[in-house]
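Student: give me a model of this one.
(chains A and B)
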There are 2 protein chains.
Amino acid sequence: MRFSKCSEQAVIHLRSHRLALCGDHFTERFRDVVKKAIKSYRQLTKDDKVLVAVSGGKDSLALWDVLLDLGYDAEGLYIDLGIKKESYSDISREKAEAFARNRGAGLIISDIRKEYGMSLHAAARKNPRTLCSVCGIIKRHEMSRVALEGGYDVLATGHNLDDEAGVLLGNLLRWNLELLRRQAPRLEAWHPKLKPKVKPLCLLTERETATYAILRGIDYVYEMECPFSLNSPSIVMKEALNRIEERSPGTKLYFFKKFQRHRNLFASREEEKQKEEGAELVECGICGFPSSSDRCAFCRIMRGKRKN
Amino acid sequence: MRFSKCSEQAVIHLRSHRLALCGDHFTERFRDVVKKAIKSYRQLTKDDKVLVAVSGGKDSLALWDVLLDLGYDAEGLYIDLGIKKESYSDISREKAEAFARNRGAGLIISDIRKEYGMSLHAAARKNPRTLCSVCGIIKRHEMSRVALEGGYDVLATGHNLDDEAGVLLGNLLRWNLELLRRQAPRLEAWHPKLKPKVKPLCLLTERETATYAILRGIDYVYEMECPFSLNSPSIVMKEALNRIEERSPGTKLYFFKKFQRHRNLFASREEEKQKEEGAELVECGICGFPSSSDRCAFCRIMRGKRKN
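Tutor: Predicted coordinates for the structure are as follows:
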């Protein structure tokens, strides 16, 4: 049995909640769920200056849209990796810029070709790591750098419930305790130069963020988040969870929420804590961010060739 | 790249181990893996009198076969639930009896229609529980009863790696800590009337147990383990894991083995322990087994109508 809130035509059926909602009620509920995540997980306060990592996809633009509507001081950061395949970087950058223009919101562009003289591909070609691994290092570094230099209080990313449940499943299948204990909806900064990271969409599925973006008329990149991620392990985890969800609606949300209640099961024990604290951290001689050696992974990859 | 141990035709390719094995080498390896599980998880000693729960399917008959070959004092227990659908009980009982005859091994039959005057269906019809739930209660009770009355030291069941990994995934998706902490390859007895339970096939996949049973010429029920389990939640979990396994061979084994190393993460904390210990246990007034009230779930279902 499904419940409707009004007589309007429903745009979405949420099987796990037995709800059929019209556009207005869905949009209202979507914002309420974001508010709930922000409150339950103490992700943001209204005094925070928030930097939203924007890819040009549905999730990050939906997040930015809701945060602005909820009255947060939220500016965007688009990292242009110079991906030429399917003109991915150009198209997604345009979507981010158009959204910022329409909403009159501030957008910072980090163009790594301009900043460091090479694209993601050029960087990955000279490195034994996979493209996705190099991409992650560059994005994390640029987010941290811009957040610090711009005086932001917190970094927000558009990870949705499907992302979080998929990563959680992968970490459990490998029993990666270190990653499990770090998989929080608000990850506190572990170094004075770093900022806390929050994921306000963590209670909403991919289907919900797409519906929200469409209803709100947000023009986003319709293709996969990235043309290289089609066969990634995270897609396999998401597919497996979607099959289970189909049979047992609500599984993903319950799995993620209850994990957060039990996350302290994976907290470091005393001997691990000592080991972790004992791991000597220095500051990278080039960029100044915390690193295990005098040159951080990012600067080793980009060869420290910072132009400006 | 696959490694072969000899020039014989391979009967199975174990992708997760990059091994292609002939019949003899596979059978030898299968026994070695059972020995390894028995040793690593301290499941059995050669002095134990073992009661093997036998369904007539590939797993339980393969288990019994290996235990006999390894020199264990292992007798079988077949519980005849009186399932008429597809003549399931009759056919599977015949398979168990034929195996016992061929191997000259002792087999105990618990025929619940004779013992308690009703079949599984008759029992379930009068009970609000699902058929599968009633079936579980009956089987657990009969295993405990026969093990105690027959003076056995330990109960062995044919759960394979697919079963265990599937149950583990289900328990994690629901974060059922109580079931997680109990999901051990050897579950110690928690009451003087109960016996320890072991699962010596827990490191071998369903595909491996089927291959072993076929190679050994064991005549088993080829159909699903039970005609009612086709749409059970555990099948959904197994399917999801199989999809992941296909992409990342070895995931299931790693998932299960590493969980066993980390199982103490789910150990009861002090307050839970007190709660559990405080839960008053009495002995059932009819059968004498531990129960939370003066009549256990089994005797409530079967109405205590024990005939003999």
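Student: so who does the residue nearest the centre of chain A touch?
Tutor: Note on chain A: the residue nearest the mean C-alpha position is residue A:157, at 3.3 Å, using CA atoms, centre = their mean. For residue A:157, the contact set (CB atoms under 8 Å, 6 or more residues apart in numbering or on different chains) comprises A:52-53, A:60, A:63, A:197-199. Using the backbone N, CA and C atoms, a C-beta is placed for each residue, glycine as well.
Student: again, only using 6 Å
Tutor: Counting by CB atoms under 6 Å, 6 or more residues apart in numbering or on different chains, residue A:157 touches A:53, A:199.
Student: how near is it to residue A:296?
Tutor: Separation of residue A:157 from residue A:296 (CB to CB, to the nearest Å): 21 Å.
Student: cool, residue A:193 as well?
Tutor: Where residue A:296 is concerned, residue A:193 sits at a distance of 11 Å (CB to CB).
Student: from residue A:186, how far out is the residue nearest to the centre of chain A?
Tutor: Counting by CB to CB - residue A:157 and residue A:186 are separated by 11 Å.
Student: next one: residue A:155
Tutor: In terms of CB to CB, residue A:155 sits 10 Å off from residue A:186.
Student: the two: which is more packed in?
Tutor: residue A:155 (23 against 19; other CB atoms under 10 Å in any protein chain shown).
Student: which phi and psi values does the more buried one adopt?
Tutor: With angles defined as degrees, to the nearest 10, residue A:155 sits at phi -100, psi 130.
Student: any idea what it is bridged to?
Tutor: residue A:51, residue A:197 (DSSP bridges).
Student: so where do the strands sit in chain A?
Tutor: Using DSSP state E, the strands found in chain A span residues A:3-4, A:12-14, A:19-21, A:49-53, A:73-80, A:107-111, A:154-156, A:186-187, A:197-198, A:282-283, A:290-291.
Student: make CSV from those strands and add mean pLDDT and distance to residue A:243 to it.
Tutor: What follows is the strands of chain A, written out as CSV (pLDDT from 0 to 100; distance: least, CB to CB, whole Å):
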stretch, mean pLDDT, distance to residue A:243
strand A:3-4, 73, 26
strand A:12-14, 92, 18
strand A:19-21, 92, 22
strand A:49-53, 98, 30
strand A:73-80, 98, 33
strand A:107-111, 98, 38
strand A:154-156, 98, 30
strand A:186-187, 96, 29
strand A:197-198, 98, 30
strand A:282-283, 91, 46
strand A:290-291, 92, 40
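Student: related to what we said a few turns ago, between residue A:193 and residue A:296, what contacts are shared?
Tutor: With CB under 6 Å, 6+ apart, residue A:193 and residue A:296 have common neighbours residue A:289.
Student: of these two, which one has the most company?
Tutor: Regarding residue A:193 and residue A:296, a neighbour count based on other CB under 10 Å identifies residue A:296 as having more, with 23 against 14.
Student: contact partners for the more buried one?
Tutor: By CB under 6 Å, 6+ apart, residue A:296 lies in contact with A:284, A:289.
Student: and the gap between it and residue A:155?
Tutor: 18 Å.
Student: could you do residue A:85 as well?
Tutor: Applying CB to CB, the value for residue A:85 to residue A:155 is 27 Å.
Student: and the residue nearest to residue A:73 when sequence neighbours are not counted, how close does it get to residue B:136?
Tutor: Take residue A:73 and drop its neighbours on the chain: the residue closest to it by CB to CB, 6 or more residues apart in numbering or on different chains is residue A:49, 5.3 Å away. Per CB to CB, residue A:49 is found 56 Å from residue B:136.
Student: likewise residue A:122?
Tutor: Taking CB to CB, one finds residue A:122 at 60 Å from residue B:136.
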